[in-house]
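**Q** whatever this is, show me its structure:
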Amino acid sequence: MEKPQKQYTLFKRKNGVYYVRFRLADGTRSPGTSTGETAKTRAESWAIDYLQSTKGYIIKNSKITLIDYSKDFFD
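**A** Numbering: from 1, shown residues only. Have a look, this model is predicted:
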């Protein structure tokens, strides 16, 4: 029987802080996001809480310009 895949992976940077990468809808992974935690169990809790607060909807980082972002701001 296969293990269910986690919706995230954790990795530790040289500064001792854990970062998380979330699985996106297209199967790719998001860029690393800092959990701000140095303990793996707290970092996992952070990732789970994040998934619950966003209802599993992860937005892939995009390079949007300020002009595009504010295009319809005053309409």
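
**Q** then Glu37 would be within a strand, right?
**A** No. Secondary structure of Glu37 (DSSP: H, G, I helix; E, B strand; the rest coil): coil, not part of a strand.

**Q** and it, how far from Ser70?
**A** 34 Å (C-beta to C-beta, to the nearest Å). The way it works is simple: take the backbone N, C-alpha and C, and place the C-beta from them, glycine included.

**Q** so those two - more neighbours on which side?
**A** Between Glu37 and Ser70, counted using other C-beta atoms under 10 Å, the more crowded position is Glu37 (20 against 10).

**Q** just say helix, strand or coil for the closest residue to that one other than its chain neighbours.
**A** Of all residues beyond its chain neighbours, the one nearest Glu37 is Ala43 (4.2 Å), with distances taken as C-beta to C-beta, 6 or more residues apart in numbering. Under three-state DSSP, Ala43 falls in the helix class.

**Q** for Ala43, give me the pLDDT.
**A** Predicted confidence (pLDDT) for Ala43: 95.

**Q** what sits against it?
**A** Neighbour list for Ala43: 10, 18, 20, 35, 37 [criterion: C-beta atoms under 8 Å, 6 or more residues apart in numbering].

**Q** phi, psi for Leu10 please.
**A** Phi and psi for Leu10, reported as degrees, to the nearest 10, are phi -110, psi 150.

**Q** give me the beta-bridge partners of it?
**A** Val20 (DSSP bridges).

**Q** and Ile48, that's in a helix?
**A** Yes. Counting by three-state DSSP, Ile48 is part of a helix.

**Q** where do the strands sit along the protein?
**A** 8-12, 18-22, 33-34 (DSSP state E).

**Q** any idea which of these is most buried?
**A** strand 18-22 (a mean of 21; mean count of other C-beta atoms under 10 Å).
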